[in-house]
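A.B. asks: build me a structure from this.
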Amino acid sequence: MATPDQKSPNVLLQNLCCRILGRSEADVAQQFQFAVRVIGSNFAPTVERDEFLVAEKIKKELIRQRREADAALFSELHRKLHSQGVLKNKWSILYLLLNLSEDPRRQANKVSSYASLFAQALPRDAHSTPYYCARPQSLPLNYQDRGTQAVQSSGSLGSSGISSISVCALSGPAPAPQPLLPGQSHQIPGVGDCLRQQLGSRLAWTLTANQPSSQTPPSKGVSSAVSRNLTRSRREGEAGGAMEITEAALVRDILYVFQGIDGKNIKMSNTENCYKVEGKANLSKSLRDTAVRLAELGWLHNKIRKYTDQRSLDRSFGLVGQSFCAALHQELKEYYRLLSVLHSQLQLEDDQGVNLGLESSLTLRRLLVWTYDPKIRLKTLAALVDHCQGRKGGELASAVHAYTRTGDPYMRSLVQHILSLVSHPVLSFLYRWIYDGELEDTYHEFFVASDPTVKTDRLWHDKYTLRKSMIPSFMTMDQSRKVLLIGKSINFLHQVCHDQTPTTKMIAVTKSAEPPQDAADLFTDLENAFQGKIDAAYFETSKYLLDVLNKKYSLLDHMQAMRRYLLLGQGDFIRHLMDLLKPELVRPATTLYQHNLTGILETAVRATNAQFDSPEILRRLDVRLLEVSPGDTGWDVFSLDYHVDGPIATVFTRECMSHYLRAFNFLWRAKRMEYILTDIRKGHMCNAKLLRSMPELSGVLHQCHILASEMVHFIHQMQYYITFEVLECSWDELWNRVQQAQDLDHIIAAHEAFLDTITSRCLLDSGSRVLLNQLRAVFDQIIELQNAQDAIYRAALEELQRRLQFEEKKKQHEIEGQWGVTAVEEEEENRRIREFQDSVPKMCSQLQILTHFYQGIVQQFLVLLTTSSDESLRFLSFRLDFNEHYKAREPRLRVSLGTRGRRSSHM
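C.D. replies: Residues are numbered from 1 along each chain as shown. Alright, predicted model coming up:
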């Protein structure tokens with residue numbers, strides 16, 4: 001084994017014991033153990049720790065003994081000692097010197113040296129001093145039972161007589177019994193044990209267990225009453241089989257049990273987890289029951305002390321947990337003060353030889369009365385310890401707060417005091433967070449959590465979150481959310497907006513009180529004082545953040561730009577852009593080039609009112625080509641894009657931009673259908689007069705006109721629904737919520753609700769996939785109609801052109817004096833006309849098939865609308881079938897709108 005450091009306190013203390021007693025290390029082991037216990041004791045003298053007062057007492061004592069020169073020398077030495085600062089505990093040294101000077105046993109005819117005095121004192125004090133503090137780490141001490149401790153030989157004792165030192169009690173030095181002479185060696189057997197039971201005290205001096213066996217009468221220093229009690233007890237113990245225990249011995253044991261130390265007759269039962277009186281003890285039932293009731297304080301003390309000792313060394317327990325342990329230590333300190341007073345009272349009785357039957361003496365009943373309130377406090381603390389097992393941080397504060405909801409004002413005031421100490425770290429975290437935006441939560445105790453791996457662009461959404469389990473129960477969820485937003489706003493301004501404005505300028509309200517005072521405010525005026533501070537910081541910080549986003553980063557302008565360009569709100573720009581893009585987008589998607597489309601976009605901007613937008617907005621507007629699939633045209637892959645970065649990307653996240661992209665593609669396709677039908681109507685108007693000379697086409701043109709009108713009605717109703725009922729209503733609601741928003745979270749929530757609304761009502765969500773497929777099928781039929789009509793008009797115009805050329809040729813021949821046409825030419829012309837007339841029925845059948853498919857798809861679409869859970873979609877089905885054409889063909893459409901809603905709710 002490695003030898004300990006020769007300069008360690010343990011080695012120095014052992015050397016001191018050897019020097020005083022003049023013995024080897026093995027012979028002073030018991031005295032050394034006692035010295036360690038005295039140093040580790042929580043008890044303190046019942047005098048004020050005033051160094052100046054003790055020094056004055058020493059000088060007065062020297063002057064009283066007519067030693068003025070020594071008094072002057074002591075004053076000078078004390079001044080030098082005070083100026084050098086070599087010793088830390090000067091008061092303790094002076095107090096020791098004063099007590100030694102008052103010791104009557106230092107007379108030459110009583111005790112020959114201080115070594116003999118030290119030898120007399122240590123063995124008894126080894127079991128009369130309570131032990132509270134943890135043992136020194138380097139001392140593997142094994143204390144023997146207090147009733148069996150004794151020095152190894154009588155030769156080690158300075159004397160064998162009863163000696164006494166005046167002890168400072170509450171009322172000052174007490175008169176001491178007259179000691180025996182050092183040469184007296186005849187003593188009653190067992191009188192040392194009996195005296196330890198009757199006269200033992202906190203730091204008193206007495207005899208050891210191994211006294212000489214010769215019998216002599218008791219000394220005159222012991223009162224006759226005590227001697228009689230001792231003799232009677234001894235005799236009764238020898239006569240009977242059971243040992244009779246006096247009440248005084250129980251009182252002494254109870255005082256040890258109060259400290260968590262086993263007594264001679266009351267010990268801890270590990271099997272039953274309680275203190276029990278020894279079964280062989282001869283006690284009346286009343287005394288036994290009273291002792292057991294009093295011993296409960298020791299059990300409660302052990303429970304609390306075990307919790308604090310375990311948790312005090314656990315650094316992961318956190319600041320809140322350490323505050324809880326400190327509060328428990330503070331309560332135990334008050335408990336120890338009571339024990340110190342009781343011990344001093346018992347010590348005073350022992351030193352004065354007071355009969356324990358007097359009214360002023362300590363009895364079990366008096367202890368029962370005096371410990372009533374401390375017992376309630378310890379019970380409350382033990383209940384708190386049980387309830388707080390396994391908890392830390394804000395969860396621990398909530399557990400303590402739960403015990404404030406009691407009707408007992410005494411218990412409530414105790415728990416509120418503990419809660420004020422426990423909540424102090426939580427309030428420190430809170431004020432540091434809401435006023436500085438700093439989060440120093442090493443042990444994860446605060447209800448605001450930070451993720452350092454999150455990047456700056458996701459700071460608002462992901463970096464800071466609430467630990468719901470750590471929210472104290474004396475704070476509401478709304479308050480916790482506001483606290484989170486305050487600190488998050490400060491960090492967002494500093495890290496994302498690069499705004500280094502001090503928080504004192506953001507928040508007009510400053511910290512008017514320190515956390516300890518605020519802890520009192522928190523529990524006395526929770527609704528006003530504490531709530532007011534959080535609300536003020538929340539409103540000021542959020543208002544400043546919104547001002548920065550709106551004024552410096554034009555958040556609302558970018559939001560309106562999204563509405564105008566990505567949701568097709570800028571009508572003139574969208575129409576002109578379609579006109580310019582038509583030649584490009586009809587080509588295969590693989591032949592498109594983004595720079596060509598970007599040039600067309602810039603041309604459309606300069607030619608419309610979009611040119612008056614902010615350059616910052618126009619700079620962000622761009623063209624995006626989607627992923628190309630086989631057979632796609634430019635119409636299928638073209639899309640507008642809007643670049644976002646910086647603080648506005650917190651509102652317009654990637655998920656939001658993907659929603660905008662889907663909405664644009666849907667609206668762009670619907671707008672294209674309207675554009676196609678407009679071209680179809682233009683073809684009708686332009687070609688109607690030209691084809692009047694071809695009466696065989698009238699039926700085809702009429703059928704084409706009827707089908708186009710049905711499609712126009714369908715598209716107009718869909719456009720009305722999308723534009724007004726979905727986009728405009730949702731946008732108006734969004735704008736109102738943004739104007740009333742109190743923080744950035746409100747804006748983000750309103751914007752996300754807006755996107756969710758248009759996604760669901762535009763049939764872009766997962767639940768409307770069947771409806772969207774039907775609608776796309778309708779759009780495909782419109783494109784089919786355009787292709788069919790273009791083919792009909794192309795063939796009709798070619799035929800018309802040939803007929804006009806034939807008539808022109810015929811007139812030209814007549815002008816030249818020739819036959820207009822020959823028989824061969826006329827026959828060929830008639831054959832070509834018949835071929836064209838034969839193709840007209842094919843055109844009609846093609847249109848009829850197209851009409852049949854179109855109406856079937858629309859009919860199925862209407863049936864799906866009637867079963868939708870969205871009321872606006874059910875009303876859309878009514879408007880699409882305004883003349884009840886489809887209702888007459890489909891029985892499922894003959895149900896009233898109210899019944900449709902009820903039916904859809906059951907499906």
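
A.B. asks: doesn't residue 251 make contact with residue 362?
C.D. replies: Yes. Residue 362 lies in contact with residue 251 (CB atoms under 8 Å); the separation is 5.1 Å. All C-beta atoms are positioned from the backbone trio N, CA, C, and that covers glycine.

A.B. asks: got the buried residues for the strand or helix carrying residue 305?
C.D. replies: In this structure, residue 305 is located in helix 285-312 according to DSSP states H and E. By 16 or more other CB atoms under 10 Å, the buried positions in helix 285-312 come out as 287-288, 290-291, 294-305, 307-308, 311-312.

A.B. asks: stretch 834-845 now?
C.D. replies: 836, 839-840, 843-844.

A.B. asks: how about CSV for the residues you listed, with distance to residue 746, secondary structure and pLDDT added?
C.D. replies: As requested, the buried residues of stretch 834-845 are arranged in CSV below (distance: CB to CB, whole Å; DSSP: H, G, I helix; E, B strand; the rest coil; pLDDT from 0 to 100):
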residue, distance to residue 746, secondary structure, pLDDT
836, 68, helix, 87
839, 65, helix, 88
840, 65, helix, 89
843, 60, helix, 90
844, 60, helix, 91
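
A.B. asks: from those, which is closest to residue 494?
C.D. replies: residue 843 (71.6 Å; CB to CB).

A.B. asks: in space, what's closest to the closest one - neighbours in sequence excluded?
C.D. replies: Leaving aside its sequence neighbours, residue 843 sits nearest to residue 700 (CB to CB, 6 or more residues apart in numbering; 4.9 Å).

A.B. asks: what's in contact with stretch 617-636?
C.D. replies: 557-558, 561, 565, 581, 584-590, 592, 594, 597-598, 601, 605, 610, 637-644, 661, 665, 669, 672 (CB atoms under 8 Å, 6 or more residues apart in numbering).

A.B. asks: can you give me the buried ones in whichever strand or helix holds residue 485?
C.D. replies: Per DSSP H and E, residue 485 falls inside helix 477-495. Of the residues in helix 477-495, those with enough neighbours to count as buried (16+ other CB under 10 Å) are 479-480, 482-493.

A.B. asks: elements contacting it?
C.D. replies: Helix 477-495 sits against helix 409-436, strand 448-450, strand 464-466, helix 503-506, helix 531-547, helix 744-761, with contacts defined as 3 or more CB pairs under 8 Å, 6 or more residues apart in numbering; DSSP states H and E.

A.B. asks: let's have those in CSV, adding mean neighbour count.
C.D. replies: Shown next, in CSV, are those (neighbours: other CB atoms under 10 Å):
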stretch, mean neighbour count
helix 409-436, 20
strand 448-450, 18
strand 464-466, 17
helix 503-506, 15
helix 531-547, 19
helix 744-761, 18
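
A.B. asks: those into JSON lines, with extra columns for distance to residue 721?
C.D. replies: Below are the helices and strands packed on helix 477-495 laid out as JSON lines (distance: least, CB to CB, whole Å):
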{"stretch": "helix 409-436", "distance to residue 721": "47"}
{"stretch": "strand 448-450", "distance to residue 721": "45"}
{"stretch": "strand 464-466", "distance to residue 721": "40"}
{"stretch": "helix 503-506", "distance to residue 721": "45"}
{"stretch": "helix 531-547", "distance to residue 721": "34"}
{"stretch": "helix 744-761", "distance to residue 721": "8"}
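
A.B. asks: now those as JSON lines including distance to residue 804 and mean pLDDT?
C.D. replies: Rendered in JSON lines, the data for the helices and strands packed on helix 477-495 read as follows (distance: least, CB to CB, whole Å; pLDDT from 0 to 100):
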{"stretch": "helix 409-436", "distance to residue 804": "87", "mean pLDDT": "90"}
{"stretch": "strand 448-450", "distance to residue 804": "83", "mean pLDDT": "94"}
{"stretch": "strand 464-466", "distance to residue 804": "79", "mean pLDDT": "94"}
{"stretch": "helix 503-506", "distance to residue 804": "81", "mean pLDDT": "75"}
{"stretch": "helix 531-547", "distance to residue 804": "71", "mean pLDDT": "91"}
{"stretch": "helix 744-761", "distance to residue 804": "52", "mean pLDDT": "95"}
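
A.B. asks: state the distance from the closest residue to residue 433 other than its chain neighbours to residue 501.
C.D. replies: Excluding its sequence neighbours, the residue lying closest to residue 433 (CB to CB, 6+ apart) is residue 487, at 4.1 Å. With distances taken as CB to CB, to the nearest Å, residue 487 is found 15 Å from residue 501.
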